[in-house]
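# Dropping a prediction and its sequence here:
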Amino acid sequence: MGAKGITRRRLRPYSGRSGTRRRRGRWSGDFIPAETRRTLPIVLPVAGAGTFAAVAAIHSLVVDWPGGSTIAGVAGLLVAAILSEAFPLPIEGVNAGATSLAIVFIVATAAIYGWPEAAVVGLITMVPVEVERKKPPIRAIFNTGLYVCAATVAGLAAAHWRGGGLWAIVVAGFLGSAAFYGVDMFLLSAVIARLRSQNFFVTLRRYVMTTVLPFLVIASLTVTLVVLWDRSPFVSLVVVGPLITIALYERWLHRALERLREFDRLKDEFIAVISHELRTPLTSVYGAALTLQNRDVHGKTRESLLAIVSDEAARLARLLDDVLSASRLDAKTERFEIIPTDAAEIARAAVEAVQPQLPSHLELDVVIEPKLPPVAADADKLRQILVNLRENAIKYSPDGGRIEIALSHHDSVVRFAVRDEGIGIAEDELAQIFDRFHRVDPNMTRGVGGTGLGLYISRELVEGMRGRMWVTSTEGEGSTFSFELPVA
């Protein structure tokens, strides 16, 4: 019976009386993810070819067991391949992922010793690395099969030139590298094109164009290693220095470029946030000023317009203060005057200052433990932190509730906690809540704006005074921002 017949038979419902049994009798391939099903026509042949090549290589080595020097040389190249595969190089402009220098040592094995040794090195290189990375089984199988197949083809391509003079060794190294690269690009492009429903030749061309330079580098390193190994395996150790230098330089360059991209992203985000936050107060001030200038207004209307100008000007001043403070903290130029400070007095002042303007649906309290010791802090910075946390609690409590600022003594520190009953923070956002420009409601779906600098500034100020800050929150129930400062 063919596969279609089997499938149709399994899909046909049972004719039993129980509806439950009928449902259980139906078979579906839904337990296999759709992405996996799309790649199976590529992965299965690669896995099969890799298995066949590995078994053939092991059989060949068992029948014609290599000598001690060959085993030692292959073992050295294997260790180097495993380490290189475990720590790949993120080469800029390579879209196919980080570049592994394990290819250098696998192809060198193929050019020096033969395809059976190269296939075994490729197999043993991938298995422990894929297990440690905890990749999905389908991906681990494909990657391992790809390396075994590529190593085998590299060994066969270099076989005719192995054991000759200098030029033959050079050709063997280059042909082995080209063969490995060709198989790698062909199979990788095939599985990616299948996975993304793209044209195979377009995908292959894109990957070749973005990896041809790394291939030339790897081919030159392979040829150098093979030539030196032919002279003496110990002489080939001189290539270790350049390889380590290349690896360190590439990692440094990649980190530098990533930092530049992050700075560029932050710049764009800063411009977008600041532009939005400036527009509202400037519009209010401009409208009030035009009304006062062009109309004859008196009494309460005039006072109301002047109050708008005053409030929005203060808002602009706070915005600029936040930007300047964040800039100083980021540049590590913020100065702290650490002295014994009465934290209770500052906390009470922070609450009393906002009570007259507090919305009617909010309740703001301060709870202070008796005989609270003074803290080692900059009084102005501590006031700024409490004001930031207080304003954050008010802003993210649009439906009202109780806000509490609590101070307590714990061993050698004083703990500050600002609790609210607001919208809370999603669990997946807690790790980024203190990042610059991060906002819980970035699209202002709840009408909550802000620059996203307040919490970043608060944390940096706390750490600048040798303290620590953290947050606990349940979405929809509220948040508690806590920080500790040492006792004076």
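Now that the structure is in, tell me what you want to look at.
# got the residue ranges for the helices in the stretch 201-350 of the chain?
240-294, 299-330, 343-354 (DSSP state H, counting those that start in this stretch).
# how close does the spatially most central residue of the chain sit to Trp252?
Centroid check for the chain by Cα atoms, centre = their mean gives Glu258 as the closest residue, at 11.1 Å. From Glu258 across to Trp252, the span is 11 Å (Cβ to Cβ, to the nearest Å). Bear in mind the C-beta positions are built from the backbone N, C-alpha and C, glycine included.
# for Pro374, same thing?
In terms of Cβ to Cβ, Pro374 sits 46 Å off from Trp252.
# Those two: who's more crowded?
Pro374 (15 against 10; other Cβ atoms under 10 Å).
# so that one touches Glu345, yeah?
No. Contact between Pro374 and Glu345 fails when scored by Cβ atoms under 8 Å: they sit 9.8 Å apart.
# Any idea how many residues pack against Ala168?
Ala168: 15 neighbours (other Cβ under 10 Å).
# I figured it hits Ala158, correct?
No. The pair Ala168 / Ala158 is not scored as a contact, 9.6 Å apart, by Cβ under 8 Å.
# what about the strands in the chain?
339-341, 362-368, 375-377, 401-410, 413-419, 468-474, 478-486 (DSSP state E).
# so of those strands, which one's packed in deepest?
For the strands of the chain, the largest average neighbour count (mean count of other Cβ atoms under 10 Å) is found in strand 375-377, namely a mean of 24.
# Let me know the average pLDDT across it.
Average pLDDT, strand 375-377: 93.
# still on that earlier bit, identify whichever of the helices of the stretch 201-350 of the chain lies nearest to Leu44.
helix 240-294 (34.6 Å; Cβ to Cβ).
# chain center to that closest one: distance?
Relative to its chain's centre, helix 240-294 lies at 19 Å (Cα atoms, centre = their mean, to the nearest Å).
# Same question for stretch 357-364.
Chain-centre distance of stretch 357-364: 40 Å, with Cα atoms, centre = their mean.
# How far does it stretch from one end to the other?
Chord length of stretch 357-364, first to last residue, is 11 Å (Cα to Cα, to the nearest Å).
# can you list contacts of it?
If you take Cβ atoms under 8 Å, 6 or more residues apart in numbering as the criterion, stretch 357-364 is touched by 351, 354-355, 390, 394, 397, 399-405.
# Contact partners for the nearest residue to Ala86 once chain neighbours are set aside?
Excluding the flanking residues, the one nearest Ala86 by Cβ to Cβ, 6 or more residues apart in numbering is Val129, at 5.3 Å. Neighbouring residues of Val129 by Cβ under 8 Å, 6+ apart: Ile82, Glu85, Ala86.
# same deal with Leu78?
Phe105, Thr109, Val121, Ile124, Thr125.
# Can you verify my assumption that Ser473 contacts Ile423?
No. Applying Cβ under 8 Å, one finds Ser473 not in contact with Ile423, separated by 9.4 Å.
# what's the neighbour count on Pro137?
9.
# ok, now Val191?
Using other Cβ under 10 Å, Val191 has 21 neighbouring residues.
# before we move on, what about Phe201?
Neighbourhood size, Phe201 [other Cβ under 10 Å]: 10.
# if I look at it, how far off is Thr210?
Applying Cβ to Cβ, one obtains 15 Å for the distance of Phe201 from Thr210.
# what does Val413 give?
The value you get for Val413 to Thr210, if Cβ to Cβ is used, is 53 Å.
# Repeat that for Ser325.
Distance from Ser325 to Thr210, by Cβ to Cβ: 43 Å.
# Between the two, which is the more surrounded one?
Between Ser325 and Thr210, Ser325 has the larger neighbour count (other Cβ under 10 Å), namely 20 against 14.
# Let me see the contact set for the more buried one.
By Cβ under 8 Å, 6+ apart, Ser325 lies in contact with Glu334, Gln384, Leu453, Ile457.
# and the second one, how many residues sit next to it?
Residues contacting Gln384 under the criterion other Cβ under 10 Å number 19.
# again with the first one
In terms of burial, Glu334 registers 17 neighbours under the definition other Cβ under 10 Å.
# Could you do the last one as well?
Residues within reach of Ile457, counting by other Cβ under 10 Å, total 24.
# hang on, the earlier thing: which among the contacts of Val129 count as buried?
Ile82, Glu85 (16 or more other Cβ atoms under 10 Å).
# Among the contacts of Val129, pick out the one closest to Thr36, please.
Glu85 (23.5 Å).
# Contact partners for that closest one?
Contacts of Glu85 (Cβ under 8 Å, 6+ apart): Ser100, Ala102, Thr125, Met126, Val129.
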